[in-house]
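J.: Generate coordinates for the sequence data below:
(2 chains)
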Amino acid sequence: SQTIHQWPATLVQPVGSPLSLECTVEGTSNPNLYWYRQAAGRGLQLLFYSVGIGQISSEVPQNLSASRPQDRQFILSSKKLLLSDSGFYLCAWAGTGQEKLFFGSGTQLSVL
Amino acid sequence: DAKTTQPNSMESNEEEPVHLPCNHSTISGTDYIHWYRQLPSQGPEYVIHGLTSNVNNRMASLAIAEDRKSSTLILHRATLRDAAVYYCILRTGGGADGLTFGKGTHLIIQP
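T.: The predicted structure is shown next:
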């Protein structure tokens, strides 16, 4: 069966520090991968999605970047975190041509 | 993706059916109707989706209006574990882009 792993579960980082969040999927190949963010009290915002290795689509301009170095690995990064980067970050995957998205358990990021 | 409109919140009693409405008057012919729910501090969970016909699964039923401009998610017998934010989302079939989440309906279940 397919599983999605996302870590860490919680992270506290100072302003100006770098960020790297990793997401991996098991049990499937060539998935579509997604990064979402949910700021406190707000809705889910799609940040990036990828349909293959090295292929990244950005939905909103921001302080973050994404990379997909391997088929089932999706990384969210920042060189210098801002206070506004705080939020709940979620990774998700979907099979190619499939309608359902499956979400990870999320990372709660606090930038202080 | 076309826009959906849902009530901000609804309240129901445990062990009773719940009908969650969604309006999507600008839906296109290729848009699927998706429902997800999100429990506190968790990622969204797929509930059900459909195109034109009503759909049933172990979690819920989806009733789609004949003109497809509205739909209703039906929880047949609500439990306290069904308390969550429910999102109604339109997505073009076969697309790789992600789901666009709105504010959803906060469902409160009273014991």
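
J.: What residue in chain A comes nearest to chain B?
T.: Residue nearest to chain B within chain A (CB to the nearest CB): A:F103, separated by 3.1 Å. Where C-beta positions appear, they are placed from N, C-alpha and C, glycine not excepted.

J.: does that residue really touch B:E45, like I thought?
T.: Yes - between A:F103 and B:E45 there is a contact at 7.2 Å, judged by CB atoms under 8 Å.

J.: the more surrounded of those two?
T.: In terms of neighbours (other CB atoms under 10 Å in any protein chain shown), A:F103 is the more surrounded of A:F103 and B:E45; the figures are 21 against 15.

J.: Just give the nearest non-adjacent residue to that one, would you?
T.: B:G43 (3.1 Å; CB to CB, 6 or more residues apart in numbering or on different chains).

J.: I figured that neighbour hits A:G106, correct?
T.: Yes - using CB under 8 Å, B:G43 is in contact with A:G106, at 5.3 Å.

J.: where's the residue nearest the centre of chain A relative to B:I89, distance?
T.: Nearest residue to the geometric centre of chain A (CA atoms, centre = their mean): A:W35, 3.2 Å. Noted for A:W35: a distance of 17 Å to B:I89, by CB to CB, to the nearest Å.

J.: repeat for A:A40
T.: 22 Å.

J.: so where is chain A shaky, pLDDT-wise?
T.: Chain A contains residues with pLDDT under 70 at A:61.

J.: May I have the beta-bridge partners of the residue of chain A closest to chain B?
T.: A:A92 (DSSP bridges).

J.: so who does it touch?
T.: Shown in contact with A:F103 (CB atoms under 8 Å, 6 or more residues apart in numbering or on different chains): A:I4, A:Y36, A:L90, A:C91, A:A92, B:G43, B:P44, B:E45.

J.: again, but for A:G87
T.: Contacts of A:G87 (CB under 8 Å, 6+ apart): A:R37, A:Q38, A:A39, A:A40, A:L109.

J.: what's the answer for A:V111, then?
T.: A:Q13, A:P14, A:V15, A:L81, A:L82, A:L83, A:S84, A:D85, A:S86.
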